[in-house]
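J.: sequence and computational prediction follow.
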Amino acid sequence: MLYQKKEGDFIPAREYLYPLDAGGLVDILYQTPTKFLAVERGYNVVTGKNKIHVYESDLALATDVLGRSKIVSLEGIEMIKKSLLLDLKDVVAQMNPPKLDNIEGITLGPKLANGHDTLILVSDNNFNENQRTLFLFFEIVP
């Protein structure tokens, strides 16, 4: 949902459907008025493993569904388009110990010497000794 400021308050301006893959949407990072990075996270209780994906998302062609009280069919509705940018299972082997935790935030970090941006993901330990606080840094290669 996108909001607009009106008379000192924020009210809904537009609403779009976002397709989930990994479980739940935990954070988004604005890029442009129609593009954002989205962090999705899920946990498998059987395997005890987290599934964490970062998607590049685009709502430019998505259908605004604000005001529709009930959507019973997706016919004629375009959802937000997204493409997988990062699956953290691809980097977990480089971690010590090799274990993903509950990533909860995303932000841009400082520019590198080569001019590339950095992307930072963060998790917290929930005051639980079996979890850990992590800051994961990635170079964004254009």
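T.: Yep, that arrived. Numbering: from 1, shown residues only.
J.: residues in contact with F127?
T.: Contacts of F127 were listed using Cβ atoms under 8 Å, 6 or more residues apart in numbering, and none were found. No exception for glycine: its C-beta is placed from N, CA and C like everyone else's.
J.: next, it: secondary structure please.
T.: coil (DSSP: H, G, I helix; E, B strand; the rest coil).
J.: can you pull the phi/psi pair for it?
T.: phi 60, psi 30 (degrees, to the nearest 10).
J.: check the spacing between it and T133 real quick.
T.: 10 Å (Cβ to Cβ, to the nearest Å).
J.: same check on N96?
T.: 14 Å.
J.: more neighbours: those two, which one.
T.: A count of neighbours by other Cβ atoms under 10 Å puts T133 above the other of N96 and T133, at 10 against 5.
J.: check the more buried one and give its pLDDT.
T.: Per-residue confidence (pLDDT) for T133: 90.
J.: list the contacts of it.
T.: T133 touches V122, S123, D124, N125, counting by Cβ under 8 Å, 6+ apart.
J.: how near is the first one to D101?
T.: I take that to be V122. For V122, the distance to D101 - Cβ to Cβ - is 10 Å.
J.: joint contacts of the two?
T.: Contacts common to V122 and D101, judged by Cβ under 8 Å, 6+ apart, are L134.
J.: those two: which is more packed in?
T.: D101 (23 against 17).
J.: quick check: closest non-adjacent residue to that one.
T.: Distances taken as Cβ to Cβ, 6 or more residues apart in numbering put S123 closest to D101, at 4.3 Å, once the chain neighbours are dropped.
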